[in-house]
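K.L.:
Below: sequence and its predicted model.
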Amino acid sequence: MNDHDKLFSFATFRLDATERLLFDGDSVVTLPPKVFDTLLMLIENAGRVLSKERMLNDIWEGSFVEENNLAQNISILRRLLGENDELKFIETVPKYGYRFVAPVNADENMRTTTEIVEATRTRIYVNDGDGESNILSGSTPPPALARHRPETRYVQNGDVNIAYQVVGSGPIDIVFVMGWVSHLEYFWKEPQFAAFLDRLASFSRLILFDKRGTGLSDRVPLNELPTLEQRMDDVRAVMDAVGSDSAVLFGVSEGGPMCSLFAATYPERTKGIVMFGTYAKRIKEDDDYPWAPTIEQRNRFFEVVKRDWGKPVGIEERAPSMANDPAFREWWAEYLRMGASPGAAVAITIMNSEIDVRDILPLVRVPTLIMHRRGDLCLNVEEGRFVANKIPNSKFVEMDGIDHLPFVGKQDEILDEIEQFVTGVRFAGEYDRVLATVMSISFADTGTEFGKRGDEEWADFIDSSKRFVHKQLSLFKGREVSVGDDETLAAFDGPARAIRCASAINEAARSRGIALSIGLHTGECDVVDNTYSGFAVDLARCIRATSSDGNIIVSRTVKDLVAGSGLEFTEFGSQIFDGIEGKWRLFNVKS
């Protein structure tokens, strides 16, 4: 009998070389073809060391591949087989190859009692001598990780614990940013979702997390649900916890705008971004973005969320091809219930509707892949095209289908695009341009303030003012750009922190009878030796010049980016500034 006609058994597993199936007990473990070939070669040579060169030649016969491909296959196998400190299957022989070390039985007689008599995409029947028994059913194969779910861990970001998981050990990190609500452990309960994530983990180290207020992360008061800025902070905290210096961010739906903002703000930590079914804005207010829903349409959806949370809300738009599948409907309803409370779901949905990153997209400089299905019933394909047209040198891939969720419908074509993009991306390294919120502060009337104090007190007053400003910048994670007698210039990673810092400084000044002028803008800055310059700095200074009597004036870009922060604004009017193109709509921060 040829080895490839044998059935092998080891630990709780059985491998059928002819049918190319791996069983764990009565469950089928799905393996990518080359991963199966790797396992079969190791098992056929159990106890013997195989060189990497031989394995590469035999498994990828006629193709040139790098050692990395083999290492990824070994990593996948170790994870799927459930290796740990006590249970070992594959031994690494340093600088040479690999050896399968678990005891293996090759049973030539097993085929007479165990025979696959029907194998389809949806069912596998096994005849074990006592009649046929159904061991696998469903519209898709079970997830490869269903029996070995990843460990959930936590990292503290401020006072909030963020839940995360790490799957795979590939050469590139991918941070998966799910839209709307999420629940890490329920990802793995849906076969299609689990298979999607497992494929991602086959060529990367996949990092998953629940944003604060959802899933397994700490629940927070409704008025403290995460803004885009806080979501960026949570991503950084998770990346730091797992030792990831830089990663590809993969955003689904509402996760896309956050990824864009992260990439523009922290290009040094972003190898690239992938967005699927994404958008730039969620409320139709002008002709520049005609595909967004009207405020009336969004209000109707808010009422549906309030009334029906706990049911499969939104399934007809997000997964229409599975909307009539009872098992999927049940999972989707439970996933939403476990992902967020009814109040949090409404608050998050309203917050997401306020997102507008149109001004940020042109500032994204990292490699970008955007995918969208033509018939997406949740977000118009034109929205994906808009995002792609705004991001320089991005790649846009339009696909057939009506499902909004990437793991529903034809997921292989999506995963193929992502794998090709991720494995081909080249990190640009140092960046001299970043997205930042620039704050410009000066006395409303320097002459008046000087006149109150005179020469002797002025120097002490300026010194104490600088110390106070320095302390506030430290508290709100701002960076001093310049602190002079006439102006303080600072840069922040997030606009909400910048506004709150400006408010703290302004209130302290008011309490002492001092009037300040304060202006803020979020935009692209040139950074050389920690010195910030460029358009955003110039515009922040122009906006500050419009401020008086302690008003904090911000650009519309700043206002749009702090959706959900609790900060409130009043219309200040539109301004045209000398030397700066365009008409700028400005807002006054309500105290």
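P.N.:
Arrived safely.
K.L.:
Which stretches in the stretch 151-300 of the chain count as helices?
P.N.:
In the stretch 151-300 of the chain, helices defined by DSSP state H, counting those that start in this stretch lie at 184-187, 191-202, 228-241, 255-265, 295-308, listed in chain order.
K.L.:
secondary structure class for the closest residue to Phe396 other than its chain neighbours?
P.N.:
Closest residue in space to Phe396, ignoring its immediate chain neighbours: Ala388 at 3.6 Å, by Cβ to Cβ, 6 or more residues apart in numbering. Every C-beta, even on glycine, is put in place using the N, C-alpha and C of the backbone. Assigned by DSSP: H, G, I helix; E, B strand; the rest coil, the conformation of Ala388 is helix.
K.L.:
same thing with Glu61?
P.N.:
Glu61 carries the three-state label coil when classified by three-state DSSP.
K.L.:
Roughly how far does it sit from Gly97?
P.N.:
When distances are taken as Cβ to Cβ, to the nearest Å, Glu61 and Gly97 turn out to be 17 Å apart.
K.L.:
higher neighbour count, the two?
P.N.:
For the pair Glu61 and Gly97, the greater number of neighbours falls to Gly97 (20 against 8), based on other Cβ atoms under 10 Å.
K.L.:
Give the closest residue to the more buried one in space, chain neighbours not counted.
P.N.:
Taking Cβ to Cβ, 6+ apart, and ignoring the residues beside it in sequence, Gly97 has Ser51 as its nearest neighbour in space, at 4.3 Å.
K.L.:
Now that that neighbour has come up, it's in contact with Tyr96, right?
P.N.:
Yes. Using Cβ atoms under 8 Å, Ser51 and Tyr96 qualify as a contacting pair, with a distance of 5.9 Å.
K.L.:
Mind listing the shared neighbours of those two?
P.N.:
When Cβ atoms under 8 Å, 6 or more residues apart in numbering defines a contact, no residue borders Ser51 and Tyr96 alike.
K.L.:
per-residue confidence for Arg426?
P.N.:
Arg426 carries a pLDDT score of 59 in this model.
K.L.:
about what we covered before: the residue nearest to Phe396 reaches Ser394, doesn't it?
P.N.:
Yes. The pair Ala388 / Ser394 is scored as a contact, 4.9 Å apart, by Cβ under 8 Å.
K.L.:
list residues touching both of these two?
P.N.:
With contacts defined as Cβ under 8 Å, 6+ apart, the residues adjacent to both Ala388 and Ser394 are 368, 370.
K.L.:
So for Pro495, which of the helices of the stretch 151-300 of the chain sits nearest?
P.N.:
Proximity to Pro495, assessed across those by Cβ to Cβ, is greatest for helix 228-241 (6.7 Å).
K.L.:
Now do the buried residues in that closest one.
P.N.:
Taking 16 or more other Cβ atoms under 10 Å as the neighbour-count basis, helix 228-241 is seen to contain the buried residues 228-239, 241.
K.L.:
Distance to Ala327 added to those, as a markdown table?
P.N.:
Formatted as a markdown table, the buried residues of helix 228-241 follow (distance: Cβ to Cβ, whole Å):
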| residue | distance to Ala327 |
| --- | --- |
| Leu228 | 34 |
| Glu229 | 38 |
| Gln230 | 35 |
| Arg231 | 31 |
| Met232 | 36 |
| Asp233 | 37 |
| Asp234 | 32 |
| Val235 | 32 |
| Arg236 | 37 |
| Ala237 | 35 |
| Val238 | 31 |
| Met239 | 35 |
| Ala241 | 34 |
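K.L.:
Could you export those residues as TSV, including distance to Ser169 and pLDDT?
P.N.:
What follows is these, written out as TSV (distance: Cβ to Cβ, whole Å; pLDDT from 0 to 100):
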residue	distance to Ser169	pLDDT
Leu228	30	86
Glu229	31	89
Gln230	29	89
Arg231	26	90
Met232	26	92
Asp233	26	92
Asp234	23	94
Val235	20	96
Arg236	22	94
Ala237	21	95
Val238	17	96
Met239	16	95
Ala241	16	95
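K.L.:
what's the burial count for the residue nearest to Gly97?
P.N.:
12.
K.L.:
Roughly how far does it sit from Ala327?
P.N.:
46 Å.
K.L.:
Also Asp400?
P.N.:
The gap separating Asp400 from Ala327 is 25 Å, by Cβ to Cβ.
K.L.:
This completes my enquiry, with thanks.
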